[in-house]
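Trainee: structure for the following, please:
(2 chains)
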Amino acid sequence: MPLVKGGHIVADEFVRTAEDAELPAQGAVLVSASRFLADPEAVLGRAGGKVGVIWPNDRDVDDLVPHLARLALVALVFPSFRDGRAYTQARLLRERYAYRGELRATGQVLRDQFVFMLRAGFDAFEVKKQADAEAFTETVKRYSVFYQPTGDGRLSALHQRLQLRHSESAGL
Amino acid sequence: MYAYDEIDRTLVNERVAEFRDQVKRRLSGELTEDEFKMLRLQNGVYLQLHAYMYRIAIPYGTLSSEQLRRLAHVARRYDRGYGHFTTRQNIQFNWIKLAELPDAMADLAEVGIQSMQTSGNNMRNVTSDQWAGVAPGEIEDPRIWAELLRQFTTLHPEFSFLPRKFKIAITASEHDRAAIKIHDIGLRLLKNAEGETGFEVLVGGGLGRSPFIAKTIKPFVHGRDILSYVEAILRVYNQYGRRDNIYKARIKILVHELGIEKFSAEVEEEWQQIRDGVLKLDDDIIEDIRSRFFYPAYETLPHMPDELKQAAHDQKFEAWRKNSVFAHKVQGHAIVVVSLKPVGGPPGDATADQMDALADIADKYSFGEIRVGHEQNLALPHVRKRDLPAVWKALDAIGLAIPNVNLVSDIIACPGLDYCSLANARSIPIAQEITRRFANHDTANLIGRLHINISGCINACGHHHVGHIGILGVEKNNEEFYQITIGGRADEGAALGTLIGPAVPYAEVADVVEDIVEAYLALRAHPEELFVDTVKRLGVEPFRERVYATR
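Mentor: Alright, predicted model coming up:
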């Protein structure tokens, strides 16, 4: 699956290892939540290289919070595009726990969800279809108006109106 | 009226452009039906028994005459010349072509009408009292808050893929015309001891196969905190609502399984983390929304104008006035309910010609405004009392001076097996037959207020559980049978009806309803005792006996 990051299709530097396979000593690795939680220090304490965790959407992100500062990547899962639990996890990680590393959407990731995902705090996308990945830049420009404020910092329509009003009255 | 500005219009146009692209990708095969399904549902597009059905939102039931004319245009240009008003302050078109949908949407967008989230597992059209802003004695116009919630819920980046659909209703009157207790979240506007505006918040109501009356989760949430509180409820629901079984995915099941105390503790914990965050509403924001609602410049008028006194000699006018005209907060004015329940007609349908004519009547007599109620009727919210005779004549000319509002023939019914792919039985012909049985206005008047609700399947779009008489279509051995409940109600005293006995075959339903009504007339304590109150006093037994004694 193509990976979109920073608006471009990029190579994935993270290596996924099979559950029981030995972790490579170096390089960026992506491990399951269960493997990570079984012994976080063993995974984080390798000689070098970044660590990412695949976090299932039915597990509280609270369990991940103590380790966030040392994680380079959290991959959240959309087992089907109908299952929106990972949107909540993403917002909690970004807005409540101030996670600043890569937040990656994985699973059934289609172009029609990009805007929602971006607004929830995702910044990397393992896209199911090549054509959707290629259409990323164009797709995310579909909307210029957003009704709700979220942690992505975009001005909501409510605040946009107030700003307009203030700038109009200031101009008089 | 709330006026869309450039910001709202931009969003709606961007949505139309997105859907046009999605339809194009579906038609080219780039999107599978499975992928497209969720996208079309989020735009109000269903695949029904015969064709695509298109459901359009009428937020809090308020329409301008220009908007109603545009709906008539869509009915005429893209459908078969009529539309169907639903219990959710929506209008549905039944025969629209997929390839033409983006054009229909674009036509509607020009007048600020859209269909975002009228289906799908997201927050649906926010509904409210159809008399909002004109009902005497309301705390304040609930549409200010409904509009804030409409904006909050539209394309929400966290809650567009919930376990199931999610419905919010708001009332600001003591008499609940928004049926808030049968919604996922019900909001009742009130003032606290300090005179501040806030809400009693109810949660977990709903009908369908497991009906529940909503429970109070918090007696008072300040207006400035309402968005964060709703977000907290939704966040708990999104994380913990069941996704393993579609029938158990609604929030009512989560509330029921956790218990209201545990559920509210979860919500409280979440809310405390976000209540002072970005969703907090300051007075400027609330005032900004308030300022975008326009109210008519009412004249000072007499309570009882001569025109009305004169018209009172006309029995037909009086019959209509008594059932269709309601008190208005401004003296000399009235709310006129326009029944869409003609004898022998499908409840809630209006033709394109009727919509156009009604828009003209609204321009002339109701400051260009029309309301849509959950009873599948329309209303003219600002009629001068002196104009009532003229309004009556104008409505009569288009077949809409039907004097049966709140009477036994003012039936709520889903489209049933005639249109809906979920239905097990027909609803519309049952409604039509009952209206014929009770076509005599004097008889209907004698019976008084009596709400019949009909659903063609357990999903309960016709709200049968809360009908004074509820009729639910079921299938037995490939035949249509109907379960009858009595004693339900959807108002502030909301209650679920009780089953009176075994289901009856299609051909007997109207007879059974007649039997029940006859039993009521014999049993009521006095002529003012409503059917539903007689049932409450006596229970279902005497009605059961009357219905099944000879069956």
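
Trainee: could you report the neighbour count for residue 16?
Mentor: I'll assume chain A. 13 (other C-beta atoms under 10 Å in any protein chain shown). Any C-beta I mention is one placed from the backbone N, CA and C, and that applies to glycine too.

Trainee: ah, no, chain B please
Mentor: By the measure other C-beta under 10 Å, the count of residues near B:V16 is 24.

Trainee: what about it, helix or strand, and which?
Mentor: helix B:6-27 (DSSP states H and E).

Trainee: output the contacting helices and strands for that helix.
Mentor: In terms of contacts (3 or more C-beta pairs under 8 Å, 6 or more residues apart in numbering or on different chains; DSSP states H and E), helix B:6-27 is packed against helix A:157-171, helix B:33-41, helix B:101-109.

Trainee: who touches the longest one?
Mentor: Which is helix A:157-171. With C-beta atoms under 8 Å, 6 or more residues apart in numbering or on different chains as the test, helix A:157-171 has contacts from A:145-147, A:149, A:155, B:5, B:7-8, B:11, B:148, B:151, B:284-285, B:288-289.

Trainee: winner for burial among the helices and strands packed on helix B:6-27?
Mentor: helix B:101-109 (a mean of 20; mean count of other C-beta atoms under 10 Å in any protein chain shown).

Trainee: what pLDDT does the residue nearest to A:R154 when sequence neighbours are not counted get?
Mentor: Leaving aside its chain neighbours, A:R154 sits nearest to A:F146 (5.1 Å; criterion: C-beta to C-beta, 6 or more residues apart in numbering or on different chains). A:F146 is assigned 97 on the pLDDT scale.

Trainee: confidence score at residue 1?
Mentor: Let's take chain A. With respect to pLDDT, A:M1 has a value of 90.

Trainee: you answered for a different chain; I wanted chain B.
Mentor: pLDDT, B:M1: 80.

Trainee: from B:E369, how far out is it?
Mentor: Separation of B:M1 from B:E369 (C-beta to C-beta, to the nearest Å) stands at 6 Å.

Trainee: next, show the common contact partners of the two.
Mentor: B:62, B:64.

Trainee: returning to what we had before: same list (the helices and strands packed on helix B:6-27) but as JSON lines, adding distance to B:A413.
Mentor: Converted to JSON lines, the helices and strands packed on helix B:6-27 look like this (distance: least, C-beta to C-beta, whole Å):
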{"stretch": "helix A:157-171", "distance to B:A413": "37"}
{"stretch": "helix B:33-41", "distance to B:A413": "23"}
{"stretch": "helix B:101-109", "distance to B:A413": "25"}
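
Trainee: quick revisit: for the contacts of helix A:157-171, work out which two are farthest apart.
Mentor: Maximum pairwise distance in the contacts of helix A:157-171, criterion C-beta to C-beta, is 21.1 Å, between B:L11 and B:D284.

Trainee: for chain B, what are the nearby residues on chain A?
Mentor: A:81-85, A:87-88, A:91, A:95-96, A:110, A:112, A:115-120, A:131, A:142-151, A:156-162, A:165 (C-beta under 8 Å from any C-beta of the partner chain).

Trainee: re the thing from before, any of the contacts of helix A:157-171 buried? List them.
Mentor: A:145-147, A:149, B:7-8, B:11, B:148, B:151, B:285, B:289 (16 or more other C-beta atoms under 10 Å in any protein chain shown).

Trainee: helices and strands around the helix or strand hosting B:D363, which ones?
Mentor: With elements taken from DSSP H and E, the one containing B:D363 is helix B:352-365. Here helix B:352-365 touches helix B:65-78, strand B:82-85, strand B:369-372, strand B:378-384, helix B:388-397, going by 3+ C-beta pairs under 8 Å, 6+ apart.

Trainee: touching it from outside, list them.
Mentor: B:65-66, B:68-69, B:71-73, B:75-76, B:81-83, B:338, B:350, B:368-370, B:378, B:380, B:383-384, B:387, B:390-391, B:394-395, B:397-400.
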